[in-house]
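A.B. asks: When you get a sec, could you give me coordinates for this:
(chains A and B)
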Amino acid sequence: AQSVAQPEDQVNVAEGNPLTVKCTYSVSGNPYLFWYVQYPNRGLQFLLKYITGDNLVKGSYGFEAEFNKSQTSFHLKKPSALVSDSALYFCAVRDTGNTPLVFGKGTRLSVIA
Amino acid sequence: EAGVVQSPRYKIIEKKQPVAFWCNPISGHNTLYWYLQNLGQGPELLIRYENEEAVDDSQLPKDRFSAERLKGVDSTLKIQPAELGDSAVYLCASAGNGETQYFGPGTRLLVL
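C.D. replies: Now for the predicted structure:
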């Protein structure tokens, strides 16, 4: 069975500083990994995904994520945080095809001016 | 390109009443999902459709929940009767031949 762990409920970072939101996963086959962001009273917005290829994936709004197979991690990063990045971030995994995503519990990012 | 459309955005009902949610996926997306998101949690799958066929409904509480996607396009999720514990956000998502699922804004249900 697939699973995702987001070990931090809350991450606080000062505006302009780099940010990292952590994610580890467990899947039987090759992982398909995703990051979504959720703003208040909004649905989930797709940020980026890793399917195959380069371990460093670049996505929307300056976010990127690094796939590390040996550590089964897919941490989300941004070199310089903005106040507008404050939101709830979800990591998700699935194995193949259009199978459902399994989500982590989410990490609330707070960027302080 | 229009995104996934859901209605209503908010619904308040009394327990034991029926409620229905509607979803229109992105045009051309054959796969449609209904997810349930409880407060402070990630979404969890309720049902997945490939065109008009429900291919994964193992997590759908069938005693009170039902769903349909008759023509393989839009879909309706129903709860009858609603219980207090059904208060949550109901998210619809769709996917084409690619790997990415796109989500609608969700319907926030409050059962009193």
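
A.B. asks: Report the buried residues of stretch B:19-34.
C.D. replies: B:19, B:21, B:23-26, B:29-34 (16 or more other CB atoms under 10 Å in any protein chain shown). Any C-beta I mention is one placed from the backbone N, CA and C, and that applies to glycine too.

A.B. asks: Can you tell me which of those residues end up in strands?
C.D. replies: The strands, defined by DSSP state E, take in B:19, B:21, B:23-24, B:31-34 from those.

A.B. asks: circling back: out of the buried residues of stretch B:19-34, which touch chain A?
C.D. replies: For chain A, the contacts drawn from the buried residues of stretch B:19-34 by CB under 8 Å from any CB of the partner chain are B:31, B:33.

A.B. asks: Pick the one among the buried residues of stretch B:19-34 closest to chain A.
C.D. replies: Of all the buried residues of stretch B:19-34, B:Thr31 has the smallest distance to chain A: 4.4 Å, by CB to the nearest CB.

A.B. asks: State the number of residues packed around the residue of chain B at minimum distance from chain A.
C.D. replies: For chain B, the nearest residue to chain A under the criterion CB to the nearest CB is B:Gly42, separated by 3.0 Å. For B:Gly42, the count of nearby residues is 22 (other CB atoms under 10 Å in any protein chain shown).

A.B. asks: Now it: closest residue in space, sequence neighbours ignored.
C.D. replies: Spatial nearest neighbour of B:Gly42, chain neighbours left out: A:Phe103 (3.0 Å); criterion: CB to CB, 6 or more residues apart in numbering or on different chains.

A.B. asks: got the contact list for the one you found?
C.D. replies: By CB atoms under 8 Å, 6 or more residues apart in numbering or on different chains, A:Phe103 lies in contact with A:4, A:90-92, B:42-44.

A.B. asks: Model confidence at it, what's the number?
C.D. replies: Confidence at A:Phe103, expressed as pLDDT, is 96.
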